[in-house]
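S.K.: Only the shape, not the letters, is given here:
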């Protein structure tokens, strides 16, 4: 089956630093999504991308849909303590509403 | 108002028991899902219902049976619980026209002893 690999697996950064993470797939997706999961909560949608090459921002977050349609990137600028959590990418081929989730990137922010 | 709610939040039970988890959404969506998140935080879809009809059924043991009494509810019944069923189970919903933007519930942490 399809697999989405995220890197890095985890990151420890200082408050104010910028963060970059990526997600790669062995197959093509038509939609890329980025979610954040706080401890004890369900994933919350951050950004949705629908076209190859698309660059979309949501506040300090910016995500890009890779040209090959097999990858996506998420950047967080000027990190703050509340950015702590697990970030998941997810891809969809548009078939039967199925989302395939990535392996997750755990972000820790120190003061 | 909670958009997607699940009950219970925590469920601790013995091996071999039967248990149910309930999910309700008040977003007016017509598609609902169940996901399983294991101890390594890997999220995998189990089932999806659209207008009370099953549209996704991943490779899940027959002991797991979803039931959708109406568009706003999707319950998950698990028979003969096993140790490996311990996980966090998430319900989600979306509108079929924008099936890729799914809203998740808070999760049910199931522990099988």
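M.R.: Perfect, I can see it now. Keep in mind it's a predicted model, so treat the numbers as computed, not measured.
S.K.: close to chain A, is stretch B:14-26?
M.R.: No: for a cut-off given as Cβ under 8 Å from any Cβ of the partner chain, stretch B:14-26 has no contacts with chain A; the smallest distance is 11.0 Å. C-betas here are computed from N, CA, C, even on glycine.
S.K.: buried sites along that stretch?
M.R.: Neighbour-count burial for stretch B:14-26, counted by 16 or more other Cβ atoms under 10 Å in any protein chain shown, picks out B:19, B:21, B:22, B:23, B:24, B:25.
S.K.: Now chain B against chain A: closest residue?
M.R.: Across chain B, the shortest distance to chain A (Cβ to the nearest Cβ) belongs to residue B:104, at 3.2 Å.
S.K.: pLDDT-wise, which helix or strand of chain B ranks last?
M.R.: In chain B, no helix or strand scores lower on mean pLDDT, DSSP states H and E than strand B:53-57, which sits at a mean of 83.
S.K.: I'd like to know how many residues surround whichever residue of chain A sits closest to chain B.
M.R.: Nearest residue of chain A to chain B: residue A:42, at 3.2 Å (Cβ to the nearest Cβ). Residues near residue A:42, counting by other Cβ atoms under 10 Å in any protein chain shown, number 22.
S.K.: close enough to count as contact, it and residue B:3?
M.R.: No: Residue A:42 lies out of contact with residue B:3 (Cβ atoms under 8 Å); the separation is 10.2 Å.
S.K.: give me every residue that touches residue 65.
M.R.: Because you didn't say which chain, this covers chain A. The contact partners of residue A:65, by Cβ atoms under 8 Å, 6 or more residues apart in numbering or on different chains, come to A:32, A:49, A:50, A:51, A:52, A:53, A:54, A:55, A:72.
S.K.: I was thinking of chain B, sorry if that wasn't clear
M.R.: Listed by Cβ under 8 Å, 6+ apart, the contact partners of residue B:65 are B:76, B:77, B:78, B:79.
S.K.: Mind telling me what element the second one is part of?
M.R.: When you say that, I think you mean residue B:77. If you go by DSSP states H and E, residue B:77 is part of strand B:73-78.
S.K.: Parallel or antiparallel, list what pairs with that strand.
M.R.: strand B:19-25 (antiparallel), strand B:64-70 (antiparallel) (DSSP bridges).
S.K.: what helices or strands is whatever helix or strand comes next after it leaning on?
M.R.: Using DSSP H and E, the helix or strand that follows strand B:73-78 in sequence is strand B:87-94. Using 3 or more Cβ pairs under 8 Å, 6 or more residues apart in numbering or on different chains; DSSP states H and E as the contact definition, the elements that strand B:87-94 packs against are strand B:4-7, strand B:19-25, strand B:31-37, strand B:73-78, strand B:103-104, strand B:108-112.
S.K.: can you list contacts of strand B:87-94?
M.R.: Counting contacts by Cβ under 8 Å, 6+ apart, the residues outside strand B:87-94 that touch it are A:42-43, A:97, B:3-4, B:6, B:21, B:23, B:25, B:27, B:29, B:31-39, B:43, B:74, B:76, B:100-105, B:107-110.
S.K.: out of these, which are buried?
M.R.: Buried members of the contacts of strand B:87-94, scored by 16+ other Cβ under 10 Å, are A:42-43, A:97, B:4, B:6, B:21, B:23, B:25, B:29, B:31-37, B:43, B:74, B:76, B:100, B:102-105, B:107-110.
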